[in-house]
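Trainee: Sequence and predicted structure, then a few things I'm wondering about:
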Amino acid sequence: MAFDEPTIAEILRRQGISRRGFLKFCATTASLMALPPSMVPAIAAALEKARRPSVIWLSFQECTGCTESLTRSHTPSIEGLILEQISLDYHHTLQAASGEAAEAAREAAMRENHGKYLLVVDGSIPMGNAGYSTIAGVSNLDMLKETAAGAAAVIAVGSCAAYGGLPAALPNPTGAVPVSAIIKDKPVMNVPGCPPIPVVITGVLAHFLTFAALPELDDHGRPKVFYGESIHDRCYRRPFYDQGKFAETFDDEGARKGWCLFKLGCKGPVTYNACATTKWNQGVSFPIQSGHGCIGCSEPGFWDMGPLYKPLSMPIAPVQMMVGAAAAGGAIAGAAMAMRNRAAKKSAQAAHQKVTVEDLEKAK
Amino acid sequence: MTALELLTWARGPGLSIALAVCAFGILLRLFEIFGLGRKADLSRPRDHSPGSGWRTIVSRSLPPPGMVKQAPVTYIGGYVFHLGFAITLFFFVPHIELVRGLTGLSWPGLPTQLIDIAAVAGLLALIAVLASRLSNPVKRFLSGFQDYLAWLLTFLPLATGYLAFHHLLIDYTLALALHVLSVELLLVALPFTKLFHTVSVFVSRWYNGDIFGRKGVAS
Amino acid sequence: MSATFERGYNAFKEILDAPIASFFSSCVHCGLCAEACLFYTETGDPKYTPIHKLEPLRRAWQQEYTLLGKLAKLVGLAKPVTDAELAEWSPLVYDACTLCGRCSMVCPVGNDIAYMVRKMREGMTAAGHAPEGLVTATKRAIQSGSPAGVKWATVEATIKRVQKEFGFEVPVNRENADYLVLMSSWEILNYPEYLGAVGRILNRAGATWTLAQDAYEATNSGIQIGASDLARELVGRIVGAAERLKVKCVISPECGHAYSAIRWEGPNLMGRPFGFEVKHILEVLDDLRRAGKLKLKGTLDQPLTYHDPCQISRRGGVYEQPRTLLNQLAPQFREMHETGTMNWCCGGGGGVSANERAEPLRLTSFKRKKAQIEELGVKTLVTACANCRVVMEEALEHYHMDIEMLGLTELVAEHLDEEDKHV
């Protein structure tokens, strides 16, 4: 990032965003990040002074859904503006340059902002045959290592980059792994979801700009502020769960009345994300509100965690065959035991010596 | 292994193994018991008897007169625990869904507030009966490792279920995984410990009622 | 031949059956059987907990007849049953259990503990751990015809007394009679009035009856000690006489275990159903009453209560008949608090009264019955078991209680309406 570049505040003003609007954004960010209101001036001051950070965005084994989510859904929001105002020096979906020029831009950004740029990754990295996914003839693994070397921090966006994602689903043909499996010497933050919520990205970016550090992360490397509570606990349909009112099918009376979707396989209870509070599309809705259970897309391994439409408390695999076989085995073992017991009892009866009055005492 | 993976294992292979061991064990034990046989009773039974095996299966659930006063903790603790456990087990909707997933059978559940009360009552009763087991001279005298193991295996599913439901102490996903695993432990141990009384109680009560009933006594 | 541990353990293996396997499988050590057992309630000693009395038998079952137990035995994890252990258990199995079966009524999982103790005694006897008193009684029963050593000559003396006192002939060895009357040693020795009472009642009812010279003794020490081979021999005497004399019905006297021995165990010991009926005297009295052949007059107008002999009420099903009779005869009949099939034992059933070793414990355990009687404040105690009667008379004396005891059959005979001969 060049020092002659305008600060974020300057850019915002040029864009016609008022001071008031800017402060409102800072306040929203603070509340999203669960920071106390007293932090709002600090955020504002930091953002005003911050210069556009250089961001390099690498896309590996992914579907571009994360980019779609981040770029489209929130324009022209103030959060979107922040994204526009970062110096997105390399993003092969969005950048105008192509071919060698594109790669040259990446290399230039790495060189100029060494140690300061942010690396954003979406998509997983194939560890099987490198040929599964290459960019400009460079394997994903090599490009990730090379680009991460000079990064200040790495943000793994989407469940593929964070956990391997659908490419890693059994039997994981490409040997897909998440960013965190490769980058061990840099702070890596996971922003999982398929795709993740856009404001989560802007929120953590704001945090990075304000505090020059990543926010507090949970065990899965996710920012706690967004992934601290389960969908179930924040779900507006939760009262129906507690009352025992459930939709049994997607088109029954319960579904129409907006009752709980637990029985239709909702994974809200074991999914930690902010969907139920921040919602999507500028707060319009989220999957459960739209009538479909949560599929748990921001949880590690969600793609291999059993059928999407089976209730959480139901067995994942059909057990009847195995239980039936075991019962049959038990019956056979039991019958064998019973026959053995009968034989033992018979022989005890055969060994019975008639008790006479002489037999009532032990031999002297 | 993440908590969700643990839960998935518990819901998948874990549950299959536990149910298989349980089914194997129950069948084995029933064959063992019935295989020992019973000599036909040649004495002439009473023409009209108020007692029978079937009657005792039901009637033995009620205390004989005077006994509640004699052993209040055992009776009241026993009732509250068994009822609390049964209500929680059979009327919490996710549990019904489990049964539906296994058998296709389902029935209406109860609101979670009621389940919560039942679970708390069951837990408190379990603690009370444990205290009684440790302090009552007869129970302490009779009790061995198996008795305390059976208690623990019964306590854990209720306790982990309660922790999971209320998000206490541990993360929900992990709590749920531990809850499912604790139930699987219970299932595995059921045929081979005192927990087998859940099955054999019907057999022994029937025999008791039949033996007494033949003689004209309702037991 | 004599008793050895191996014979005892073998007997365990013989008697273990499906009910016992289910009972042991079901026990959760709740301790309620102790609360039902007077040997625990009156001593407070947990070793008298009924299910604990079966511990060696339980381990034999587990190690011989369960897969897990066999595996545990194979790898040396199971504690084997030893002769020393059986010796240690002898007082629990013989002195501290009257086979009253109250625990069997209370056990929440339905364990019939008395059923198991009865069977366990088979092994205890075969291993030589039966108490001396019972061994002596059993030997006498087999060798002289009666556990108390009562011989036919003594019975004849009783017959003469009865004939003299009541003026009717006591039929002996009479064929085709309606009833074969049996007695217990106690009745022959201590309560000859029983024979008089039965004779008067049956004669008044116009029934035919007889005694049998080779089968006068109803009791069965073989059942109490737990030796089915000997029990079979003893009950076989009665069955033989009943069949030879072609009687319709054998009347078990006022003796609890004699009734169990003939009525319930008899056919199983003999291996065939009987061609005659077996009834307790109270059942016969009730039959006669219902047929209008038992006319009574007058009442015994004083507060009294009825002690249910365990083997007759709880283990025998005869609990309504005595109440019907008493309600007719005794306007001040009062029930004890726990009664009928939930009665408390006198403390001397199941062979305990024949077991001198058990005497102190038996007297201690009587405190329960003592409290029951004192609660009612009655001075007369009616029962229908000579053994209960002897045990209680002894205990009442021990506790200096001024209580009169009566046999119910005598009480009925005393109120027999003999004036109107045309029924």
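Mentor: Received the coordinates, thanks. Only a predicted model underlies this, so the values are computations on that prediction, with no experimental measurement involved.
Trainee: Counting neighbours, what do you get for the residue of the stretch 101-250 of chain C found nearest chain B?
Mentor: Minimum separation of the stretch 101-250 of chain C from chain B (Cβ to the nearest Cβ) falls at C:Gly110, amounting to 3.2 Å. Every residue, glycine included, has its C-beta placed from N, CA and C. By other Cβ atoms under 10 Å in any protein chain shown, 31 other residues sit near C:Gly110.
Trainee: Identify the residues contacting it.
Mentor: Neighbour list for C:Gly110: B:56-57, B:60, B:201, B:204-209, B:219, C:23, C:26 [criterion: Cβ atoms under 8 Å, 6 or more residues apart in numbering or on different chains].
Trainee: Surely C:His400 is in a helix?
Mentor: No: counting by DSSP: H, G, I helix; E, B strand; the rest coil, C:His400 is not found in a helix; it is coil.
Trainee: That one: how many residues sit nearby?
Mentor: That count, for C:His400 with other Cβ under 10 Å as the rule, works out to 6.
Trainee: quick one: secondary structure of the residue of the stretch 101-250 of chain C closest to chain B?
Mentor: Applying three-state DSSP: C:Gly110 is coil.
Trainee: Please tell me how far it sits from B:Val217.
Mentor: 13 Å (Cβ to Cβ, to the nearest Å).
Trainee: In chain B, where is pLDDT below threshold?
Mentor: The model of chain B has no residue with pLDDT under 70.
Trainee: do the same with chain C
Mentor: C:1, C:420-423.
Trainee: Quick check: residues of it near chain A?
Mentor: Residues of chain C lying near chain A by Cβ under 8 Å from any Cβ of the partner chain: C:1-4, C:7, C:10-11, C:13-14, C:16, C:64-67, C:125-126, C:128, C:130, C:135, C:138-139, C:142-143, C:225, C:227-230.
Trainee: Report the buried members of those residues.
Mentor: Among those, those that count as buried by neighbour count (16 or more other Cβ atoms under 10 Å in any protein chain shown) are C:3-4, C:7, C:10-11, C:13-14, C:16, C:64-67, C:125-126, C:128, C:130, C:135, C:138-139, C:142, C:225, C:227-230.
Trainee: among those, which are in reach of chain B?
Mentor: C:Leu16, C:Tyr65, C:Thr66, C:Leu67.
Trainee: thinking again about what came up before, just the ones in helices from the contacts of C:Gly110, please.
Mentor: B:Thr56, B:Ile57, B:Val201, B:Ser204, B:Arg205, B:Trp206, B:Tyr207, B:Asn208, B:Gly209, C:Phe23, C:Ser26 (DSSP state H).
Trainee: I'd say the fourth one and C:Ala21 touch.
Mentor: No: between B:Ser204 and C:Ala21 there is no contact under Cβ atoms under 8 Å: 9.2 Å.
Trainee: Looking at chain B, what residue ends up closest to chain C?
Mentor: B:Gly216 (2.7 Å).
Trainee: which non-adjacent residue is nearest that residue?
Mentor: C:Gly317 (2.7 Å; Cβ to Cβ, 6 or more residues apart in numbering or on different chains).
Trainee: Show me the strands in the stretch 201-350 of chain C, by range?
Mentor: C:209-210, C:249-252, C:277-280, C:304-307, C:333-334 (DSSP state E, counting those that start in this stretch).
Trainee: re the thing from before, take the buried ones among the residues of chain C next to chain A and keep only those in helices.
Mentor: Short answer: those in helices (DSSP H) are C:7, C:10-11, C:13-14, C:64-65, C:67, C:125-126, C:135, C:138-139, C:142, C:225, C:228-230.
Trainee: what's the span of stretch A:127-147, first residue to last?
Mentor: Using Cα to Cα, to the nearest Å, one end of stretch A:127-147 lies 17 Å from the other.
Trainee: And the strands in chain B?
Mentor: Secondary structure of chain B by DSSP state E: no strands are present.
Trainee: what residue is smack in the middle of it?
Mentor: Closest to where the C-alpha atoms of chain B average out (Cα atoms, centre = their mean) is B:Thr198, at 5.0 Å.
Trainee: count of neighbours near the spatially closest residue to that one that is not a sequence neighbour?
Mentor: Ranked by Cβ to Cβ, 6+ apart and with sequence neighbours excluded, the top spatial neighbour of B:Thr198 is B:Leu190, at 6.7 Å. By the criterion of other Cβ under 10 Å, B:Leu190 has 22 neighbours.
Trainee: Report the separation between B:Leu190 and C:Ala413.
Mentor: 59 Å.
Trainee: Need the phi and psi values for the residue of chain B closest to chain C.
Mentor: Backbone torsions for B:Gly216, taken as degrees, to the nearest 10, come to phi 90, psi 20.
Trainee: Surely it touches C:Glu320?
Mentor: No: counting by Cβ under 8 Å, B:Gly216 sits too far from C:Glu320 to count as a contact (9.0 Å).
Trainee: Tell me which of those two has more neighbours.
Mentor: Legend: neighbour count by other Cβ under 10 Å for B:Gly216 and C:Glu320, higher for B:Gly216 (20 against 13).
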